[in-house]
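> What shape does this take:
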Amino acid sequence: MLASKPSLMVGVPTAYLSPRLPFPPNVGYNVSVGVELAPGIGVSLDGKALLVGPEGHQGKTEIIGHLEDGTYPQRDSVVLRSGDGTSVDGRSDWQDYQLKGRTGNFAATGQDDRKSFSVQETEGGFRVNSPFAARAWTVQATENGFTVKSDFDKGESFTVTQNGNVTTVDSNLQDQDFTVTRNADGSSLIDGHLKPEDFAFSPTGSGYEMRGHDPQQFFQIKES
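Numbers count the residues shown, from 1 in each chain. The predicted structure is shown next:
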């Protein structure tokens, strides 16, 4: 049965999808609302980060982004879920998060207030609360999807719609538009404007992998 609405999630970043090494220049900010690719794993609506949410695999999940020769270990992180608690442990303190609660009602605590937020369900959607307007979001259901709007007057906004197995993310910034095509085997294809914005998300024997155009745009997601 095909979904009638997109599967949205809210989460914290564990991998940055840009080919820039070790991190893109905008590493301090990404949209916390995303399209869910697998339970508790998704891609942010600005296409910049792999997100993890408060629900998903219970136990240990390794996000492995270091290169084949072992360089750039700062691109790795470990996610531990137990009950309604989730921890994200990166190489540096600014990559660490604590999540408490469940989807639709949880708090994410990062290194400082700019990286922290809370999520609450609302009638027809949900609300991402932050003292910083550009990091606060209102998500509201529409007939075939959702609108996602920043509190910042000149901030980003998105319309997310579903047509069959294709989720379309339409941003007010044209170069951020992309689609997610879901396949019956659990894989997804992300199609952006340029080749470095295209990714294949696939199940593996130990979890998932995210593979982009360049060698450094490869992430393993190992569950144990």
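> May I see the buried residues of the helix or strand where Lys100 lies?
Secondary structure from DSSP states H and E places Lys100 in strand 97-102. Buried residues in strand 97-102, counting neighbours by 16 or more other Cβ atoms under 10 Å, are found at Tyr97, Leu99, Lys100, Gly101. C-betas here are computed from N, CA, C, even on glycine.
> For that strand, which strands pair with it and how are they oriented?
Strand 97-102 sits in its sheet next to strand 85-90 (antiparallel), strand 105-109 (antiparallel), going by DSSP bridges.
> ok, then the element right after the shortest one?
For strand 105-109, the following helix or strand on the C-terminal side (DSSP H and E) is strand 117-122.
> what packs against that next one?
Contact partners of strand 117-122 among helices and strands, from 3 or more Cβ pairs under 8 Å, 6 or more residues apart in numbering; DSSP states H and E: strand 105-109, strand 125-129, strand 137-141.
> quick one, what contacts Asp198?
Leu189, Ile190, Asp191, Gly192, Gly212, His213 (Cβ atoms under 8 Å, 6 or more residues apart in numbering).
> Flag every buried residue along stretch 90-110.
If you call a residue buried by 16+ other Cβ under 10 Å, then stretch 90-110 has these buried ones: 90, 95-97, 99-101, 103-104, 106, 108-110.
> An error on my part: the question was meant for stretch 215-224.
Within stretch 215-224, the residues that qualify as buried are Gln216, Gln217, Phe218, Phe219, Gln220, Ile221, Lys222, Glu223, counting by 16+ other Cβ under 10 Å.
> One more: stretch 167-178?
Of the residues in stretch 167-178, Thr167, Thr168, Val169, Asp170, Ser171, Gln176, Asp177, Phe178 count as buried by neighbour count, 16+ other Cβ under 10 Å.
> Closest to Asn26 out of these?
Relative to Asn26, the closest of these is Gln176; by Cβ to Cβ it sits at 12.0 Å.
> mind checking how far the residue lying closest to the closest one once chain neighbours are set aside is from Asn30?
Using Cβ to Cβ, 6 or more residues apart in numbering and skipping the chain neighbours, the partner closest in space to Gln176 is Asp46 (5.3 Å). Asp46 sits 6 Å away from Asn30, taking Cβ to Cβ, to the nearest Å as the criterion.
> Pass me the low-pLDDT residue ranges in this structure, would you?
Counting by pLDDT under 70, the chain shows low-confidence ranges at 1-4.
> quick one on the thing from earlier: of all pairs in the buried residues of stretch 167-178, which one is the farthest apart?
Top of the distance list for the buried residues of stretch 167-178 (Cβ to Cβ): Thr167 and Gln176, 14.2 Å.
> Look up which residues are beta-bridged to the residue nearest the centre of the chain.
With distances taken as Cα atoms, centre = their mean, the residue of the chain nearest its centroid is Leu51 (2.7 Å). Applying DSSP bridges to Leu51 yields these beta-bridge partners: Pro13, Gly42.
> Tell me how far it lies from Glu123.
Distance of Leu51 to Glu123, given as Cβ to Cβ: 24 Å.
> quick one, what contacts Ser118?
Under the criterion of Cβ under 8 Å, 6+ apart, the contact list for Ser118 reads Phe106, Ala107, Ala108, Val128, Asn129, Ser130.
> try 10 Å
By Cβ atoms under 10 Å, 6 or more residues apart in numbering, the residues touching Ser118 are 10, 100-101, 105-109, 127-130, 136.
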